[in-house]
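Asker: Quick one, what's the 3D model for this:
(2 chains)
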Number of protein chains: 2
Amino acid sequence: MTDTTSGDAARATDSAERAGVDMETLISLCKRRGFIFQSSEIYGGLQGAWDYGPLGVEMKRNVKDAWWRANVRERDDMVGLDAAILMHPQVWRASGHLDTFTDPMVDCRNCQARFRADELPSAGDGVCPNCGAKGQFTEPRMFNLMLRTFVGPVQDDAATVYLRPETAAGIFVNFENVLTTTRRKLPFGVAQIGKSFRNEITPKNFIFRTREFEQMEIEYFCRPEESARVHDAWMRDRMAWYARFGMQSGRLRLRAHEREELSHYSSATSDVEYLFPIGWAELEGIANRGSFDLTQHSTYSGKDLNYYDDDRKEHVVPHVIEPSLGVDRCMLAFLADSYDEEVDEKGEKRVVLHLHPALAPIKVAVLPLSRNEKLTPTARDVYARVRLHWMTQYDDAQSIGRRYRRQDEIGTPLCVTVDFQTVEEDRAVTIRERDSMAQVRVPIDGLVDALRERLVDVG
Amino acid sequence: MTDTTSGDAARATDSAERAGVDMETLISLCKRRGFIFQSSEIYGGLQGAWDYGPLGVEMKRNVKDAWWRANVRERDDMVGLDAAILMHPQVWRASGHLDTFTDPMVDCRNCQARFRADELPSAGDGVCPNCGAKGQFTEPRMFNLMLRTFVGPVQDDAATVYLRPETAAGIFVNFENVLTTTRRKLPFGVAQIGKSFRNEITPKNFIFRTREFEQMEIEYFCRPEESARVHDAWMRDRMAWYARFGMQSGRLRLRAHEREELSHYSSATSDVEYLFPIGWAELEGIANRGSFDLTQHSTYSGKDLNYYDDDRKEHVVPHVIEPSLGVDRCMLAFLADSYDEEVDEKGEKRVVLHLHPALAPIKVAVLPLSRNEKLTPTARDVYARVRLHWMTQYDDAQSIGRRYRRQDEIGTPLCVTVDFQTVEEDRAVTIRERDSMAQVRVPIDGLVDALRERLVDVG
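Answerer: Residues are numbered from 1 along each chain as shown, chains lettered A, B, ... in the order given. The predicted structure follows:
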């Protein structure tokens, strides 16, 4: 988990550097093409929540699958978990969230707008970003970021539970269950993907900071003396993951926390920062949390959460390395990173998402040259074959050039064109590549294999 | 959505028929092998919530993928969506949930225990299931099942939002967004998977009825005059899906709702019922909801949610068919359905989950005949090759017979055994099939292909 949510946006706002695409262009593309909609839009929207449309849901599934594949399936030292969002309230007393998961909040006495004190340029005598009044802020008050609800038929304190502000706690409270059922030896890790909720005072920057979000978190348990080495290995590993799925290295950096930024229990934390449209900001946190979490949950639950080392005949409380990432923020990074505007020889603009094939929402588009009835049956047949293997779109509206552009704009790596030569002569089709725009002719019978060759590291 | 949650469990309890395995056996297997744990167990648990362990999370992913594949990827008339759990509160006024999503609740005046009135044998003068007192129940009061929370820094009525009690609403409020961005023509459908929450008074029967659960819902929009035919088609289609993934037909049935069970807006609803360990009970609801939802959201939002038929030059409010299923309940059905106890020639019991390969959490287990150091490098190499393609386990602890049993019990369809012949003679391994226990020898170089041939309809 990232215990405090402050800092990243502030740094981002100060930064002069920006990614290639601005936020408005990205938001507009996402809405227009069905990646991301404002939540409950027809009712005026709900701040801090977003809905993923037909393309967005596919890309989000792909991001999560790419993470799960690399961090669970392909490793022999990791297992998965999927804990409930609702947890026993005592969990948050042990984790410290009930007492310390807070943001400082100030009100403008003039216009009653509310702000995070740490996000105002200078809170004491600053200018209100809403009404422009000067020096009208109240003293900062601490505000807990957990969302509360009530379970059971009686609404009183006993029934108060919280929507988890992070998924990590589900891993710690299940430490013993995982150990017993998988018979794992140190070092090993547990990976989890799921929704979390934080009552952000000022959700902002599209899907960068939201009240409802999804996390991908790893808790990797190791012997205390190994933790620094394991921490290093995870930093390399996570950076390699971004590279594997095509993120530009120049827009990605590791930043070690300064001593004063560290939580009291953490010996080292590094952020993976990405050059977002709002500037450099946290994409992932990779923390060495020591034995803090297992110790706290042992104390509060009365269960000994430790590991018996059979070789050394000793009990040890493992230390934990935590690489923790938001799915939504990761989506934003991959979208911004892949966005490009090119101008062709005719001076026409081509918008392209250079998404890695594994992340692209649609892998293949099948395009008959025209709606001519001679072409339709064959094009439909090709579509039916391809769809069994990958997310595929069929498009026969408007000119072939416009249809290529439409697919480029949503990042479809391959287009398959069915033309008159296909049905009259060679039973072959044209594969057109998104990035190079190169075209190659392949027989329909070999099409699935030819596509598979080009869809590298998918699934 | 299923508007009322009553009925199914009551019918189930009355039923004399039961599935082959009893609930306690299943719960015990799930806990022992890491499928499903009690939520927040070390803190005494949280009623109505469950955590999916290392095997459970894989199986749950598989169930969701199998549904998504069949209902989105393989169809040309469906797209996906992933709306937020938090929605504008007005959504639930329009849908009717704020007013009518209630259960009748009674208290026992003697012991203060609380019950759902419709689940007591005869509420008025019945016997308290908790203390045995007779005729001590209060009059039934209506209790809203939605979980409330507060967003934003001020906790008052304006900031009250609900955790969605169903995912369907997210589809209706995005109807226009989906239509605009995908340029779909009727008929077409939208599929969604996500968490929902209901404040059940008495969550029970393991993962059958919980407060936090996951849904897989489809809203399929069509012209009004086509809705009866489309409803029939979806019933056939959904039954075929269960068959495709191995569910036993004798434990599955379609039951049309009686007139008095129907919601006022529904012209027809059928339940897919499964023979659970608690008896016949609802697994999926397939409702013809008419134009109720789009009309309601049009009225409350002030936006015209309709479809312009370009051929007929007319506006039409589509009717909707809704196949709606709980992921957790679906997991329970597949687990119960696949559970089997066999007795071998030596009189030893073999517990097997006959899961379809697509649903099995682990597809392949790699088992060296022993821990002999001659075998380990080759076995590890085989493991590394297979793991790139499927969820794979490596197990070298205890006898090969016990290891086969362990894999049978978690439903692993294929075991690959590395023996001395492998390393000393033929560079071949043995594939052992879970159900038939048949063994076949294949060269390591052809292993991935041989496994792929046997892992039918996976991924």
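
Asker: how about A:Val458, phi and psi?
Answerer: Here is the backbone geometry of A:Val458 (degrees, to the nearest 10): phi -100, psi 130.

Asker: I'd assumed A:Lys363 was in contact with it.
Answerer: Yes - contact criterion C-beta atoms under 8 Å: A:Val458 and A:Lys363 qualify, at 6.7 Å. Where you see a C-beta, it was placed from the backbone N, CA and C, and this is true even at glycine.

Asker: ok, the two, which is more surrounded?
Answerer: Between A:Val458 and A:Lys363, counting by other C-beta atoms under 10 Å in any protein chain shown, A:Lys363 is the more crowded of the two (24 against 19).

Asker: Let me see the contact set for that one.
Answerer: For A:Lys363, the contact set (C-beta atoms under 8 Å, 6 or more residues apart in numbering or on different chains) comprises A:357, A:390-392, A:412-414, A:451, A:455, A:458.

Asker: With distance to A:Leu275 added, can I get the residues you listed in CSV?
Answerer: Listed next are those as CSV, based on distance: C-beta to C-beta, whole Å:
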residue, distance to A:Leu275
A:Pro357, 23
A:Trp390, 31
A:Met391, 29
A:Thr392, 33
A:Thr412, 25
A:Pro413, 24
A:Leu414, 29
A:Leu451, 33
A:Leu455, 28
A:Val458, 26
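
Asker: In strands, which of those residues fall?
Answerer: A:392, A:414 (DSSP state E).

Asker: With distance to chain B as added columns, please give the contacts of A:Lys363 in CSV.
Answerer: What follows is the contacts of A:Lys363, written out as CSV (distance: C-beta to the nearest C-beta, whole Å):
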residue, distance to chain B
A:Pro357, 16
A:Trp390, 8
A:Met391, 6
A:Thr392, 8
A:Thr412, 14
A:Pro413, 16
A:Leu414, 16
A:Leu451, 15
A:Leu455, 14
A:Val458, 11
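
Asker: Would you mind checking the contacts of A:Lys363 for buried ones?
Answerer: Taking 16 or more other C-beta atoms under 10 Å in any protein chain shown as the criterion, what is buried in those is A:357, A:390-392, A:412-414, A:451, A:455, A:458.

Asker: ok, back up a step: any shared contact partners between A:Val458 and A:Lys363?
Answerer: Each of A:357, A:390 lies in contact with both A:Val458 and A:Lys363 under the rule C-beta under 8 Å, 6+ apart.

Asker: related to what we said a few turns ago, now flag whichever of the contacts of A:Lys363 is closest to A:Phe292.
Answerer: A:Phe292 has its nearest neighbour among the contacts of A:Lys363 in A:Val458, at 38.9 Å by C-beta to C-beta.

Asker: List the contacts of that closest one.
Answerer: A:357-358, A:363, A:390.

Asker: Can you name the residue of the stretch 151-300 of chain A that approaches chain B most closely?
Answerer: For the stretch 151-300 of chain A and chain B, the shortest gap (C-beta to the nearest C-beta) falls at A:Thr181, measuring 3.2 Å.

Asker: wouldn't that residue be in contact with B:Pro54 here?
Answerer: Yes - contact criterion C-beta under 8 Å: A:Thr181 and B:Pro54 qualify, at 6.8 Å.

Asker: which one of the two has more residues nearby?
Answerer: B:Pro54 (25 against 21).

Asker: Give me every residue in the stretch 151-300 of chain A lying close to chain B.
Answerer: Contact residues (C-beta under 8 Å from any C-beta of the partner chain) of the stretch 151-300 of chain A with chain B: A:151-154, A:161, A:163, A:170, A:173-174, A:176-178, A:181-183, A:190, A:192, A:195, A:197, A:199, A:201, A:211-212, A:297, A:300.

Asker: Could you tell me which of these are located in helices?
Answerer: A:170, A:173, A:176-178, A:181-182, A:297, A:300 (DSSP state H).

Asker: ok, which stretches of the stretch 101-250 of chain A are strands?
Answerer: Shown for the stretch 101-250 of chain A, the strands assigned by DSSP state E, counting those that start in this stretch span residues A:102-107, A:114-116, A:141-144, A:147-150, A:160-163, A:188-197, A:212-222.

Asker: could you say what helices and strands the second one packs with?
Answerer: It refers to strand A:114-116. The helices and strands touching strand A:114-116, judged by 3 or more C-beta pairs under 8 Å, 6 or more residues apart in numbering or on different chains; DSSP states H and E, are strand A:102-107.

Asker: and the strand it packs on, which residues are buried?
Answerer: In terms of neighbour count (16+ other C-beta under 10 Å), strand A:102-107 has its buried residues at A:103-107.

Asker: List, out of those, those positioned next to chain B.
Answerer: Among the buried residues of strand A:102-107, proximity to chain B is found for A:Met105 (C-beta under 8 Å from any C-beta).

Asker: For A:Lys313, grab phi and psi.
Answerer: Note on A:Lys313: backbone dihedrals following degrees, to the nearest 10 are phi 50, psi 50.

Asker: go on, the one 4 residues further on?
Answerer: Torsion angles at A:Val317 (phi, psi; degrees, to the nearest 10) stand at phi -90, psi 110.

Asker: what's the closest non-adjacent residue to it?
Answerer: A:Ser291 (4.4 Å; C-beta to C-beta, 6 or more residues apart in numbering or on different chains).

Asker: Which residue ranges of the stretch 351-459 of chain A form helices?
Answerer: Assigned by DSSP state H, counting those that start in this stretch, the helices in the stretch 351-459 of chain A fall at A:376-387, A:400-409, A:420-421, A:447-454.

Asker: so can I have JSON lines of those showing mean pLDDT?
Answerer: JSON lines is the format used below for the helices of the stretch 351-459 of chain A (pLDDT from 0 to 100):
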{"stretch": "helix A:376-387", "mean pLDDT": "97"}
{"stretch": "helix A:400-409", "mean pLDDT": "96"}
{"stretch": "helix A:420-421", "mean pLDDT": "97"}
{"stretch": "helix A:447-454", "mean pLDDT": "97"}
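
Asker: So which residue is smack in the middle of chain A?
Answerer: With distances taken as C-alpha atoms, centre = their mean, A:Val327 lies nearest the centre of chain A, 1.8 Å away.
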